[in-house]
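[1] Build me a structure from this.
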Amino acid sequence: MRVFCATTNAGKLREFLRSLPAAFDLTPLPDLKQIEPPEETGKTFEENAILKAIYYSRRAPELLFAEDSGLEVDALDKAPGVYSARFSGPDATDESNNALLLERLQGVENRAARYVAVIALARGESIIGTFRGEVEGQITEEPRGANGFGYDPLFFYPPFGCTFGEASAEQKMSVSHRSRAIEAMAAALGRNAAK
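    Below is the predicted model:
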């Protein structure tokens, strides 16, 4: 079954490809970089994922999914949340976002956080379903590890005893928010195909 994906983020695309079962043919939406992206005006991951899925599904001949994801930190009232990618401003980088997060958490004891991913699946501007994945962790006091992307060097996952930045890609994908969301989508598509 072919499913189009609307992302230009190479790290996310790698994770989608690793997570989606072999029965699915994951295809990046052609010419995605030439398409003006929609403004992400949603206040939740679900709202932004749906907005993007509807927008991009107009250009896909078959099923398409879009994803919105980020980091929620309890001590920051769940910030950066939907602003995770642009936490430190419109020209944000992973490094500047991580630096700002550490600055905001200086002296804070409660460092509980979670990664959240929501996938919205659409066909022809109609939403078929949304699928959510989460993974709980803690924010470290300094970056650790060079693997992954985004906040991975700061996201400590207690069962592994290390950050996602220190974990292998296989370890991370076995528990990640993104893999949980994509697996939920694949399971739903499998159930529908079996009907």
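[2] So which bits of the helix or strand where Leu102 lies are buried?
    Counting by DSSP states H and E, the element that carries Leu102 is helix 94-104. When burial is assessed from 16 or more other Cβ atoms under 10 Å, helix 94-104 yields the following buried residues: 94, 97-98, 101. Every residue, glycine included, has its C-beta placed from N, CA and C.
[3] With stretch 116-136 instead?
    Taking 16+ other Cβ under 10 Å as the basis for neighbour counts, the residues of stretch 116-136 that come out buried are 116-122, 128, 130-133, 135.
[4] try stretch 171-186
    Those buried within stretch 171-186 under the rule 16+ other Cβ under 10 Å are 171-173, 175-182, 184-186.
[5] Kindly report the same for stretch 75-85.
    By neighbour count with 16+ other Cβ under 10 Å, stretch 75-85 contains the buried residues 76, 79-82, 84-85.
[6] didn't Ala117 look like it was pressed against Ala184?
    No. Distance between Ala117 and Ala184: 10.0 Å, which falls outside the contact criterion (Cβ atoms under 8 Å).
[7] overlap in contacts of the two?
    Counting by Cβ atoms under 8 Å, 6 or more residues apart in numbering, the residues touching both Ala117 and Ala184 are 132-133.
[8] Sketch out the strands for the chain, chain order is fine.
    Counting by DSSP state E, the chain forms strands over residues 2-5, 25-28, 64-73, 79-80, 112-123, 126-139, 155-157, 162-163, given from the N-terminal end onward.
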